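Asks: Model the structure of this input:
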Amino acid sequence: MEFSNPILIWACIGIILMLAEIILPGGIVILLGAACLVVAGALTIGLVEGIVQSLTLWFIASMVLLLAFRQVTQKLVGGDAHVDNTDEELDIYNQLATVKQTIGPAQELGRIEFQGCEWPALGDGSEIVAGSQVRIICRDNIALVVEPILADSERFPEQK
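Replies: Model (predicted):
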C-alpha cells in the first residue's frame, strides 16, 4: 500500500475529520470530512487531477455542504447556544443592597453596597439611614435609585 496515493490521503483526512466531530462537536468538522471524501471519490473516477483541482473541489464541496446541511447538523448535534439578558438594568431591578452612607432627605446622594461594590444612590425622598436594607428600583445615570425595605407592620399598619 502506497501512502503517497492522493486518493488514500484525501480519504484518510476525511475519515479523521469525521471522527474528530466526536471531540469537536458542532456539525462543521464532519461536513469538511465529507468534502474530503467527495474529493477522494472524484480522484478515483478521474474527475479531477492534481493538487490544485483537488483543493478547489474540496473548497467548493465544503461550502456547498456547509450551506446545504449546516441546519441539519445543528439540529442533530445541538451545541452550546443560549441567550443571556443584555439589559443590565433588568438584572439589577428588585435586588437588595445595604446602605453605607445615609441617603436623603430629598435628592441628597448617599452610598450603597451592591454586589461587593459601592454605588452612589438616590432615595425616594425620605431619609434612609446607614446600615439599612434597600431594594433597587432603577438606575439614574450612574446612581442607583433605591427604596427602603419596610417591615410588615410599617407596610400594613393595623386598622383601628
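Asks: Every contact and neighbour count from this point should use C-alpha atoms.
Replies: OK.
Asks: Pull the number of nearby residues for the closest residue to Met18 other than its chain neighbours.
Replies: Of all residues not flanking Met18 in the chain, Ile30 sits nearest, at 4.3 Å (CA to CA, 6 or more residues apart in numbering). Neighbours of Ile30 under the rule other CA atoms under 10 Å: 24.
Asks: likewise Val48?
Replies: Counted with other CA under 10 Å, Val48 comes out at 18.
Asks: repeat for the one 10 residues further on
Replies: Taking other CA under 10 Å as the neighbour definition, Trp58 ends up with a count of 22.
Asks: ok, now the one 5 residues further on?
Replies: Burial of Met63, expressed as a neighbour count using other CA under 10 Å, amounts to 15.
Asks: Does it lie in a helix or a strand, and which?
Replies: Element membership for Met63, per DSSP states H and E: helix 50-77.
Asks: and what of Val146?
Replies: strand 143-148.
Asks: Give the pairing partners of that strand; include direction for each.
Replies: Strand 143-148 has its sheet partners listed here by DSSP bridges as strand 117-122 (parallel), strand 133-140 (antiparallel).
Asks: a markdown table for those strands, including mean pLDDT, distance to Glu21 and mean neighbour count?
Replies: Listed next are the strands paired with strand 143-148 as a markdown table, based on pLDDT from 0 to 100; distance: least, CA to CA, whole Å; neighbours: other CA atoms under 10 Å:
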| stretch | mean pLDDT | distance to Glu21 | mean neighbour count |
| --- | --- | --- | --- |
| strand 117-122 | 88 | 44 | 19 |
| strand 133-140 | 86 | 46 | 18 |
